[in-house]
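Enquirer: model this:
(4 chains)
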2 protein chains.
Amino acid sequence: MANVTIKDVARMAQVSVATVSRALNGHGNVAAPVRARVLAAARELRYTPHAAARSLSSRRTQTIGVVLPDLYGEFFSELIRGIDQVAREHGLHLLVSSYHGDPDEQSAALGAMRGRVDGLLAMAPYVGGSEAMRADLDAALPRVLINSRPAADEPVVGVDNYGGAVAMVGHLVGQGHRRIAFLSGPEDNFDAHERLRGYRDAIARLLPQSQPWELRGEFDEASGHRAGQALLAAAPRPDAVFAANDMMALGCMFAFAQAGLRVPADIAVAGFDDIPLAGYVHPGLTTIRVNIAELGARAARLLIARIAGEAAGGSSPLATELIVRASSGARGASPS
Amino acid sequence: MANVTIKDVARMAQVSVATVSRALNGHGNVAAPVRARVLAAARELRYTPHAAARSLSSRRTQTIGVVLPDLYGEFFSELIRGIDQVAREHGLHLLVSSYHGDPDEQSAALGAMRGRVDGLLAMAPYVGGSEAMRADLDAALPRVLINSRPAADEPVVGVDNYGGAVAMVGHLVGQGHRRIAFLSGPEDNFDAHERLRGYRDAIARLLPQSQPWELRGEFDEASGHRAGQALLAAAPRPDAVFAANDMMALGCMFAFAQAGLRVPADIAVAGFDDIPLAGYVHPGLTTIRVNIAELGARAARLLIARIAGEAAGGSSPLATELIVRASSGARGASPS
DNA sequence: CTGAAAGCGCTTACAG
DNA sequence: CTGAAAGCGCTTACAG
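Expert: Numbers count the residues shown, from 1 in each chain, chains lettered A, B, ... in the order given. Below you'll find the predicted structure:
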């Protein structure tokens, strides 16, 4: 079965290669008995079409490219899962590539997709990244950007980071918290930027008499831990800390635990993302759930529509969900 | 830049396409000034070779296929990360595919790799899966199996599940535990089988007077929880429970917590895998760390060697590491 | 409904 | 060192 080609099938079925091609690809215009003969021959020879040859002549690869900053961790794993699910429903393959924050690698990854994919799903969460990406992209290649700053005529799918942050502030205020500090993410990260904007707007609207209270973090646990220590030294301390992602929230909680502070009795904590850990720590972390797999699935569906020539535009941001656990409990309440 | 081909470059550089090909692929026999002209033209036209065409004529795709049961979760995410790292070091792409436990999909995924990849990394953790896979595979396609039951002349990389289980039993016995129950994984799973074998052998060697005490689980949290409840009803209860993976261990701990049992004071718990959660729960879970990314990297390196024609055989199982946390504390000790 | 032939964009002996 | 040509394995107008 090593090198069975369409010629072998044609010979065995006693037809031309053109007819084999038509029969195998389900083109209507093949006589039933001929088609049967071809299929039987193909099965017997265990024939599988050579993908590169098919791609070269049909100009289709049945593959979509996925270019991400990284392949590591829950977020990308979930994203790929959602993409994969839609892709396989459509019989498409996934060519994945990561660039580890290196612009040159990003550029190389994008370039190498030429002739390998029918369309591209790309993510460039940092400012400038998507602009560079657009420049590198074959202009004719259908594409969908994930979680990027929207740009004219460029389809983008994203999460409603802004709405999620607003919802969280609303929840914390509802719990009676008034001094709500925000631990933001990297300045040049688009998601982080939107969450910060949501925090600011919600504070301005719900607690017009108070000032926003912002600290900068880097989306990792260590920076959350540092921020937690900084907040411990503040007088008065905040009632609640809203971290722009769960990893930082966990780092914060760790710092508070080390200092003997009880969460939420002494200070409430909330995060964003709803990573699996959020449900396992004690107390459970109140957070905003983002359905990452659905985000990936949406992006894939949109891309497939565009490959098919449908002028599908970007979709509205993916809604988030407030997940209330113990960490955001009412101010002064005893821990459950 | 949409459809720049080698012909366009040849025209601009005033040479034949053959020379362009040689210059771009770094074949030594091109005059320096000619090479420079070609490279300049290619850069100016933003030329990227068409991958399918190149593959078709060179019989190389610069891509390795990765066929996994699933793309979801920490394990696969880490595995892909390790593979990706080695692949990019060698300038190779990754075509990923999952089959969700469906043999037909597995077969289809394997077949569709023809002409798309230079070699295949495949994982079929269930009995029978790898046999079916071998039958589907193009015999000539280089491949490496991951965590599969070793077979003659078939390169396999795997984890030392057996040794890890032996080490864990040794640790538990060292802590003074004598009645050590084992919560095994799915019967038809190769990793689960090896861990069970390690448990049995270690018990027979270290505690020759005692009987193995085995319960069956399914590698998920729910079955761990059920097993924990079953053990609560046993009289006498075990001193320690060694679960064949961390998710089941966590389910167990959850059942014990619900029943008011203290871990490890009343009963010790240990797992296998060292998933991130293991370090976050209270008490921390004693477990066996498996470097999944390294497993993926090894598999990729071995495959690349085989693609290059080196007759690299399988490697020895990847060593594991005992991670001692609070959950396995000495019998009767107070919780930290 | 079927076949002969061109062509997809490259690479690689083969000459020179 | 360079070019003309064959060939990789398909698909797809074009005839018939």
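Enquirer: what's the distance between A:G176 and A:D239?
Expert: Look at A:G176 and A:D239: by Cβ to Cβ, to the nearest Å, they are 8 Å apart. All C-beta spots, glycine's among them, are computed from the backbone N, C-alpha and C.
Enquirer: who has more neighbours, the two?
Expert: Using other Cβ atoms under 10 Å in any protein chain shown as the criterion, A:G176 and A:D239 rank with A:D239 on top: 21 against 14.
Enquirer: number of residues surrounding the nearest residue to that one once chain neighbours are set aside?
Expert: Excluding the flanking residues, the one nearest A:D239 by Cβ to Cβ, 6 or more residues apart in numbering or on different chains is A:H177, at 3.9 Å. Other residues near A:H177 number 25, with proximity taken as other Cβ under 10 Å.
Enquirer: which parts of chain A are strands?
Expert: Remark: strands assigned in chain A by DSSP state E are A:63-68, A:93-98, A:119-123, A:143-146, A:156-157, A:180-184, A:213-216, A:240-243, A:268-270, A:287-289, A:321-323.
Enquirer: so the first one, near chain B or not?
Expert: In this case it means strand A:63-68. Yes: against chain B, strand A:63-68 shows contacts by Cβ under 8 Å from any Cβ of the partner chain at A:T63.
Enquirer: next, the angle from that strand to strand A:93-98.
Expert: 20 degrees (axes from the mean of the first three to the mean of the last three Cα atoms, to 10 degrees).
Enquirer: packing partners for strand A:63-68?
Expert: Strand A:63-68 is packed against helix A:74-89, strand A:93-98, helix A:103-111, strand A:119-123, helix A:292-307, with contacts defined by 3 or more Cβ pairs under 8 Å, 6 or more residues apart in numbering or on different chains; DSSP states H and E.
Enquirer: report all helices and strands that the third one contacts.
Expert: The criterion is 3+ Cβ pairs under 8 Å, 6+ apart, and the helices and strands that helix A:103-111 contacts are strand A:63-68, helix A:129-136.
Enquirer: now do the buried residues in it.
Expert: Neighbour-count burial for helix A:103-111 flags A:105-110 (criterion: 16 or more other Cβ atoms under 10 Å in any protein chain shown).
Enquirer: if we take these, which one ends up nearest to B:H50?
Expert: Closest to B:H50 out of the buried residues of helix A:103-111 is A:L110 (14.9 Å), distances taken as Cβ to Cβ.
Enquirer: and the gap between the closest one and A:A151?
Expert: Going from A:L110 to A:A151 by Cβ to Cβ gives 16 Å.
Enquirer: now for the buried residues of helix A:103-111: which two are most distant?
Expert: Across the buried residues of helix A:103-111, no pair lies farther apart than A:E105 and A:L110, at 9.6 Å, counting by Cβ to Cβ.
Enquirer: tell me how far A:Y99 lies from B:R88.
Expert: A:Y99 sits 9 Å away from B:R88, taking Cβ to Cβ as the criterion.
Enquirer: looking at the two, which one has more neighbours?
Expert: Counting neighbours by other Cβ under 10 Å for A:Y99 and for B:R88 shows that A:Y99 has the greater number, 23 against 19.
Enquirer: may I have the predicted confidence score for that one?
Expert: Note on A:Y99: pLDDT of 82.
Enquirer: contact partners for it?
Expert: A:67-69, A:105-106, A:108-109 (Cβ atoms under 8 Å, 6 or more residues apart in numbering or on different chains).
Enquirer: so which bits of chain A are right by DNA strand C?
Expert: Contacts of chain A with DNA strand C, taken as Cβ under 7 Å from any atom of the strand, map to A:15-19, A:22, A:28-31, A:34-35, A:53, A:56-57.
Enquirer: going through these, which ones are buried?
Expert: By neighbour count, with 16+ other Cβ under 10 Å, the residues of chain A next to DNA strand C hold A:15, A:19, A:22, A:30, A:34-35, A:53, A:56 as buried.
Enquirer: which single one of the buried residues of helix A:103-111 is nearest to chain B?
Expert: Using Cβ to the nearest Cβ, A:E105 is the member of these that sits closest to chain B, with 7.6 Å.
Enquirer: in contact with the closest one, which residues?
Expert: A:99, B:88.
Enquirer: distance of it relative to DNA strand C?
Expert: According to Cβ to the nearest atom of the strand, to the nearest Å, A:E105 stands 21 Å off from DNA strand C.
Enquirer: relative to DNA strand C, how far out is the residue nearest to A:D239?
Expert: Counting by Cβ to the nearest atom of the strand, the gap from A:H177 to DNA strand C is 61 Å.
Enquirer: doesn't A:A240 make contact with that residue?
Expert: Yes: if you go by Cβ atoms under 8 Å, A:H177 and A:A240 touch, sitting 3.9 Å apart.
Enquirer: so where's chain A shaky on pLDDT?
Expert: Along chain A, the parts satisfying pLDDT under 70 run over A:1-2, A:28, A:125-140, A:152, A:312-314, A:331-336.
Enquirer: tell me the contacts of A:D104?
Expert: Contacts of A:D104 (Cβ under 8 Å, 6+ apart): none.
Enquirer: typed the wrong thing, it's A:A204
Expert: The contact partners of A:A204, by Cβ under 8 Å, 6+ apart, come to A:P212.
Enquirer: distance of it from A:Q211?
Expert: 10 Å.
Enquirer: and what of A:T19?
Expert: Taking Cβ to Cβ, one finds A:T19 at 77 Å from A:Q211.
Enquirer: same check on A:V17?
Expert: Distance of A:V17 to A:Q211, computed by Cβ to Cβ: 75 Å.
Enquirer: just A:H27 next, same as before
Expert: To A:Q211, A:H27 is 69 Å away according to Cβ to Cβ.
Enquirer: hang on, the earlier thing: out of the residues of chain A next to DNA strand C, which are close to DNA strand D?
Expert: Within the set of these, contact with DNA strand D (Cβ under 7 Å from any atom of the strand) is found for A:17-18, A:22, A:53, A:56-57.
Enquirer: farthest-separated two in these?
Expert: Greatest spacing in those, by Cβ to Cβ: A:R22 and A:L56 (18.1 Å).
Enquirer: please name the nearest non-neighbouring residue to the most centrally placed residue in chain A.
Expert: Nearest to the mean C-alpha position of chain A, by Cα atoms, centre = their mean, lies A:L79 at 4.5 Å. The shortest distance from A:L79 to any non-neighbouring residue, by Cβ to Cβ, 6+ apart, is to A:G296 (4.2 Å).
Enquirer: could you do A:A51 as well?
Expert: Using Cβ to Cβ, 6+ apart, the closest residue to A:A51 is B:G115 (3.8 Å).
Enquirer: cool, A:V157 as well?
Expert: Excluding the flanking residues, the one nearest A:V157 by Cβ to Cβ, 6+ apart is A:A299, at 4.6 Å.
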